[in-house]
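S.K.: I'd like to go over a predicted model; first the sequence, then the structure.
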Amino acid sequence: MLPILLLMTGPELTEFFHRHRTLLIIGVLFFLFVGLAVLGYNKYQQHQMQQAALLYSELVNATVHKNNSVARASAESIINTYNHTPYGTLAHFFLARLDMEDKQVAVAEKAFKAIIDHHEVPLGMHSLARLSLARLYVDHHHPHKALILLTKVSKAFAAITDEIQGDAYTALDQPEKAEQAYKSAITALPVTSPYRRYLQLKEANIGVVS
């Protein structure tokens with residue numbers, strides 16, 4: 001169509017636009033409508049993200065101050081209203097952590113598994129969910145399940161992974177593997193990290209002198 005229009009003279013163009021004016025008007029209106037719809041949708045999405053971010057900020061603040069009831073309410077609000085945003089996955093994670101603290105083992109396990117099985121989650125969330133679920137399994141006498149989960153955790157979480165592996169091997173009464181795991185966890189941390197001392201105490205508690 002465009003090459004043909006370029007070849008037309010002034011009178012021919014006038015005749016063409018006059019003949020097809022209704023279709024042209026409809027076309028222009030259609031593209032304007034699409035443009036406005038996209039703009040409106042983007043503004044709606046931005047508004048949704050802002051509201052979700054505000055609730056997430058409240059959730060984090062409540063968690064830091066150990067106000068679990070407010071944290072739970074904020075997480076549930078995000079899930080109910082803004083679950084389609086990245087904050088929805090984060091809210092599911094925090095809610096699972098709260099269930100874990102409240103000894104709601106089955107509920108927390110289901111929530112962590114849902115995050116692990118979900119394809120579109122923020123970077124690192126799969127590993128964080130695996131680590132949390134592994135910790136849950138160790139604390140509730142399922143160290144074998146924990147060790148299986150820990151085989152697919154990102155290397156960025158090496159210190160935490162090794163620590164939980166050490167706890168699992170300790171629970172399984174395998175001191176040599178526990179010692180190796182704790183040593184790996186210590187090595188993965190910066191030399192100045194105060195957490196190294198805590199891991200050394202764990203290592204000492206399985207009868208190994210650091």
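M.R.: Now that the structure is in, tell me what you want to look at. What you see is a predicted model; the values in this text were computed from it and never measured. Numbers count the residues shown, from 1 in each chain.

S.K.: where does this protein dip in pLDDT?
M.R.: 1-45, 47-48, 119, 122-123, 207-210 (pLDDT under 70).

S.K.: Pop the domain breakdown of it in here.
M.R.: 34-122, 143-210 (automatic domain parsing).

S.K.: Export these to a markdown table and append columns for mean neighbour count and distance to A129.
M.R.: The way it works is simple: take the backbone N, C-alpha and C, and place the C-beta from them, glycine included. Formatted as a markdown table, the domains of the chain follow (neighbours: other CB atoms under 10 Å; distance: least, CB to CB, whole Å):
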| stretch | mean neighbour count | distance to A129 |
| --- | --- | --- |
| domain 34-122 | 16 | 4 |
| domain 143-210 | 17 | 9 |
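
S.K.: which stretch among those comes nearest A134?
M.R.: Taking CB to CB, domain 143-210 is the member of the domains of the chain nearest to A134, at 4.0 Å.

S.K.: what about that closest one, distance to the chain center?
M.R.: Averaging C-alpha positions (CA atoms, centre = their mean, to the nearest Å) puts domain 143-210 24 Å from its chain's average.

S.K.: one step back: select, out of the domains of the chain, the one closest to R130.
M.R.: Counting by CB to CB, R130 lies closest to domain 143-210 out of those; the figure is 4.9 Å.

S.K.: Where do the helices of the protein begin and end?
M.R.: 2-7, 10-19, 21-64, 68-82, 86-101, 105-117, 125-139, 143-149, 158-171, 175-188, 195-204 (DSSP state H).

S.K.: The last one - contacts with which helices or strands?
M.R.: Same thing as helix 195-204. helix 158-171, helix 175-188 (3 or more CB pairs under 8 Å, 6 or more residues apart in numbering; DSSP states H and E).

S.K.: For that helix, give me every contacting residue.
M.R.: With contacts defined as CB atoms under 8 Å, 6 or more residues apart in numbering, helix 195-204 is touched by 159, 163, 166-167, 170, 178-179, 182-183, 185-186, 189, 210.

S.K.: Pull the most distant pair out of the residues you listed.
M.R.: The most distant members of these, if one measures by CB to CB, are T170 and L189, lying 18.8 Å apart.

S.K.: coming back round to it: tabulate the contacts of helix 195-204 (JSON lines), appending distance to A62.
M.R.: Compiled in JSON lines, the contacts of helix 195-204 are given as follows (distance: CB to CB, whole Å):
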{"residue": "A159", "distance to A62": "27"}
{"residue": "E163", "distance to A62": "27"}
{"residue": "G166", "distance to A62": "32"}
{"residue": "D167", "distance to A62": "28"}
{"residue": "T170", "distance to A62": "33"}
{"residue": "A178", "distance to A62": "36"}
{"residue": "E179", "distance to A62": "39"}
{"residue": "Y182", "distance to A62": "33"}
{"residue": "K183", "distance to A62": "37"}
{"residue": "A185", "distance to A62": "30"}
{"residue": "I186", "distance to A62": "33"}
{"residue": "L189", "distance to A62": "29"}
{"residue": "S210", "distance to A62": "38"}
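
S.K.: If we only consider the residues you listed, which is nearest to M125?
M.R.: For the contacts of helix 195-204, the residue nearest M125 by CB to CB is A159; the value is 18.2 Å.

S.K.: In contact with the closest one, which residues?
M.R.: By CB under 8 Å, 6+ apart, A159 lies in contact with A185, A188, L189, Y195.
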